[in-house]
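Visitor: Fold the stuff below for me.
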Amino acid sequence: MKFAKPLFAPHTSAIERVWYFTLRGLAVLTLLYLILPVLAIVPLSFSSSTFLVYPIPGWSMRWYQNLVMSDEWRMAAKNSFIVGPAATLVATVLGTLAAIGITKANFRGKALLMAVLISPMIVPVVVVGVGMYLFFAPLGLANTYLGLILAHASLGVPFVVTTVSATLQGFNYNLVRASLSLGANPVSTFFRITLPVIAPGVISGALFAFATSFDEVVVTLFLAGADQTTLPRQMFTGIRENISPTIAALATILIVFSTSLLLALEWLRGRNAARAVKA
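Guide: Model (predicted):
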């Protein structure tokens with residue numbers, strides 16, 4: 001017969017027990033502080049009222065129907081699902097290659113180059129937006145899908161570089177040398193040896209890049225025209241003009257979508273950790 005493991009060791013003092021519960025209580029309060037403002041949006045998306053108010057007078061799905069039937073919201077969704085995957089693909093390829101090059105080589109200015117690559121993640125996004133507009137506008141890339149995709153990709157590259165670089169820290173490059181010495185070409189070696197090992201980091205970085213692109217509004221305001229309006233920009237425009245529960249409906253969908261991405265990341269992290277333990 002198995003007995004439950006005791007919460008505390010026999011020698012645990014009263015002060016240690018109080019400290020234990022205090023820390024966990026603070027953790028719960030912090031979690032509620034972060035989550036409750038977000039979850040407060042969800043009931044409003046099912047409200048029958050035309051305003052975002054509590055208490056909710058009744059329940060309705062009309063705002064989700066409005067979201068689906070509106071031409072503006074459908075165009076914004078289409079643009080988001082065009083720009084997001086394309087920017088993710090570009091960011092993943094460039095970020096992975098950059099991470100491999102930086103991690104594998106030793107040269108002067110390596111730390112500086114890494115700082116430059118992750119700078120879009122650190123520099124205020126307004127500054128990034130202004131800089132991109134001043135750079136893309138003379139090239140004719142403002143108000144175009146290509147310009148918006150490249151801009152969003154540059155915001156996603158730092159996440160890919162960070163996650164892939166972390167995965168490569170424990171990579172055994174002797175495997176690559178052995179593959180090359182046996183006659184495999186560099187491309188085949190990358191896809192057969194390197195990529196399977198760093199795949200969790202690549203996928204994690206790609207998910208972060210996609211979430212960044214899908215949520216980006218400031219850079220989109222600078223570079224996108226009327227035909228490239230994305231969901232975040234449409235939400236921003238709707239909030240400025242008329243706060244409608246339709247925005248709450250879209251926000252609820254985005255919450256579910258973001259939560260799914262986080263769960264996928266945690267699953268990948270757990271899988272990577274389990275693989276590392278077996279190795």
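Visitor: For the protein, give me the ranges with low pLDDT.
Guide: Where the chain drops to pLDDT under 70, the residues are 1-12, 241-242, 272-279.
Visitor: Could I get the full set of helices for it?
Guide: 14-39, 41-44, 62-69, 71-104, 110-122, 125-136, 145-168, 174-181, 186-189, 195-215, 218-223, 231-241, 245-278 (DSSP state H).
Visitor: mind checking which of those is nearest residue 51?
Guide: The closest of the helices of the chain to residue 51 is helix 245-278. By CB to CB, the value is 7.6 Å. No exception for glycine: its C-beta is placed from N, CA and C like everyone else's.
Visitor: on that earlier part again, looking at the helices of the chain, which is buried most?
Guide: helix 145-168 (a mean of 23; mean count of other CB atoms under 10 Å).
Visitor: Between the helices of the chain, which one is closest to residue 54.
Guide: Of all these, helix 41-44 sits nearest to residue 54, with 7.7 Å by CB to CB.
Visitor: Go ahead and confirm residue 130 touches residue 222.
Guide: Yes. Applying CB atoms under 8 Å, one finds residue 130 in contact with residue 222, separated by 6.8 Å.
Visitor: still on that earlier bit, take the helices of the chain and write them to CSV, including distance to residue 52.
Guide: Below are the helices of the chain laid out as CSV (distance: least, CB to CB, whole Å):
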stretch, distance to residue 52
helix 14-39, 13
helix 41-44, 5
helix 62-69, 10
helix 71-104, 17
helix 110-122, 32
helix 125-136, 26
helix 145-168, 29
helix 174-181, 56
helix 186-189, 54
helix 195-215, 20
helix 218-223, 23
helix 231-241, 10
helix 245-278, 6
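Visitor: can you tell me which of the ones you listed comes nearest to residue 55?
Guide: Closest approach to residue 55 among the helices of the chain (CB to CB): helix 41-44, 9.7 Å.
Visitor: Show me what that closest one is packed against.
Guide: Counting contacts by 3 or more CB pairs under 8 Å, 6 or more residues apart in numbering; DSSP states H and E, helix 41-44 is packed against helix 245-278.
Visitor: Please name every helix or strand in contact with the helix it packs on.
Guide: Packing contacts for helix 245-278, counted by 3+ CB pairs under 8 Å, 6+ apart, involve helix 41-44, helix 62-69, helix 195-215, helix 231-241.
Visitor: Select, out of these, the one closest to residue 126.
Guide: helix 231-241 (13.6 Å).
Visitor: list the contacts for the closest residue in space to residue 132 that isn't next to it in sequence?
Guide: Nearest residue to residue 132, sequence neighbours excluded (CB to CB, 6 or more residues apart in numbering): residue 151, at 4.9 Å. For residue 151, the contact set (CB atoms under 8 Å, 6 or more residues apart in numbering) comprises 87, 132, 136, 219, 223.
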